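Undergrad: requesting a structural model of the entry that follows:
(one chain, ligands or ions: 1)
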Amino acid sequence: MQHLADLDAKKLYNDLVAAINDHRPKQIVILTHVPPFKEACMRQGKISDDDWLPYFSSKATGDVLLQVAKANSAIKFLVLCGHTHSEALYQSSNNLVIKAGKAEYFQPEVQEIIYV
Ligand SMILES: [Fe+2]
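TA: Residues are numbered from 1 along each chain as shown. The predicted model follows:
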């Protein structure tokens, strides 16, 4: 699983660099199933403990997001994720925000409407 996470993180890095170089965006919205930071891995109002975090979060993805956001401070990065079924909002830096949506099985719902 770590190897797959590393491959996904590398692809995300390459895609982000290509998008930035090709389009010079002001904002990038990133959709990922698994939260990239522990601070976005909530369960019953608390951050998941260290035993469960490897199953609920991808540090490799978080490291890529931190690297790219830091190198591109003029771009706002919004990361939308899920997986834990618990709502979370985490601002990692001035230009990097992570939102985890809440969910119940078989009860999909709109989390919010984003205007760009
Ligand atoms: Fe999941």
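
Undergrad: where does this protein have low pLDDT?
TA: Applying pLDDT under 70 to the chain flags no residue at all.

Undergrad: list the contacts of the residue nearest the centre of the chain.
TA: Central residue of the chain (C-alpha atoms, centre = their mean): Val79, 4.1 Å from the mean position. Val79 makes contact with 29-30, 32, 36, 65, 96-99, according to C-beta atoms under 8 Å, 6 or more residues apart in numbering. (C-beta placed from N, C-alpha, C; glycine too.)

Undergrad: same thing but 10 Å
TA: Neighbouring residues of Val79 by C-beta atoms under 10 Å, 6 or more residues apart in numbering: 28-32, 35-37, 40, 61-62, 65, 69, 90, 92, 96-100.

Undergrad: can you say which of those residues are buried?
TA: Neighbour-count burial (16 or more other C-beta atoms under 10 Å) is assigned, among the contacts of Val79, to 28, 30, 32, 35-37, 40, 61-62, 65, 69, 90, 92, 96-100.

Undergrad: residues making contact with the top helix by length along the chain?
TA: Across the chain, the longest stretch assigned as helix under DSSP state H is helix 2-23. By C-beta under 10 Å, 6+ apart, the surrounding residues in contact with helix 2-23 are 25, 28, 30, 32, 34, 36, 54, 57-65, 67-69, 71-72, 75, 77.

Undergrad: now go through those residues and say which are in strands.
TA: 28, 30, 77 (DSSP state E).

Undergrad: and which of the residues you listed is nearest Glu109?
TA: Ile30 (21.1 Å; C-beta to C-beta).

Undergrad: starting at the chain centroid, how far to the helix or strand hosting the residue nearest to the centre of the chain?
TA: Assigned by DSSP states H and E, Val79 falls within strand 76-81. How far strand 76-81 lies from its chain's middle: 6 Å, per C-alpha atoms, centre = their mean, to the nearest Å.
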